[in-house]
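Only the shape, not the letters, is given here:
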């Protein structure tokens with residue numbers, strides 16, 4: 001069984017869509033029905049699909065995922081994390097104890113981000129160093 005849920009748009013946020021695969025417990029289905037008015041449940045064991053149904057594809061198998069993945073570098077991830085945490089390059093550099101130019105060079109891919117530096121940057125941002133290397 002596959003449960004697909006779409007929530008209404010809220011303040012320019014895209015609709016929520018997720019799936020649960022396998023045997024879904026009744027209490028989970030009751031909760032989903034109580035929280036989401038527009039829930040669509042699809043039986044994945046059924047071989048028949050109606051022509052008007054959207055095709056469900058794993059995100060990792062899409063061209064868009066591959067395109068985004070190819071563009072993501074440790075430097076671009078650093079910039080994304082820094083801006084998400086509303087920090088300037090100067091603030092991050094001061095927290096890590098390096099020059100602003102070093103942060104800029106890392107974000108532009110001009111300087112590599114080593115393991116020790118990744119740990120320092122992640123600690124300063126309050127996240128895991130693995131997020132830099134997604």
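Cool, the structure landed. What you see is a predicted model; the values in this text were computed from it and never measured.

Could you chop this protein up by domain?
Per automatic domain parsing, the structural domains of the chain span 1-46, 69-132.

most neighbours per residue, which of those domains?
For the domains of the chain, ranked by mean neighbour count under the definition mean count of other Cβ atoms under 10 Å, the leader is domain 69-132 at a mean of 15. For glycine as for every other residue, the C-beta is placed from the backbone atoms N, C-alpha and C.

can you give me the end-to-end distance of it?
Between the opening and closing residues of domain 69-132 lies a distance of 13 Å (Cα to Cα, to the nearest Å).

quick one on the thing from earlier: and the domains of the chain, which one is worst for confidence?
Within the domains of the chain, confidence is poorest for domain 1-46, with a mean of 65 (mean pLDDT).

how about the strands of the chain, start to end?
Secondary structure of the chain, counting by DSSP state E: strands at 2-6, 17-21, 39-42.

In the chain, what residue spans correspond to helices?
Counting by DSSP state H, one finds helices in the chain at the ranges 26-35, 63-71, 74-84, 89-96, 100-107, 115-125.

Give me the residues contacting the fourth one.
Taking contacts as Cβ atoms under 8 Å, 6 or more residues apart in numbering, the residues outside helix 89-96 that touch it are 82, 87, 99-100, 102-104, 107, 117, 120-121, 124-125.
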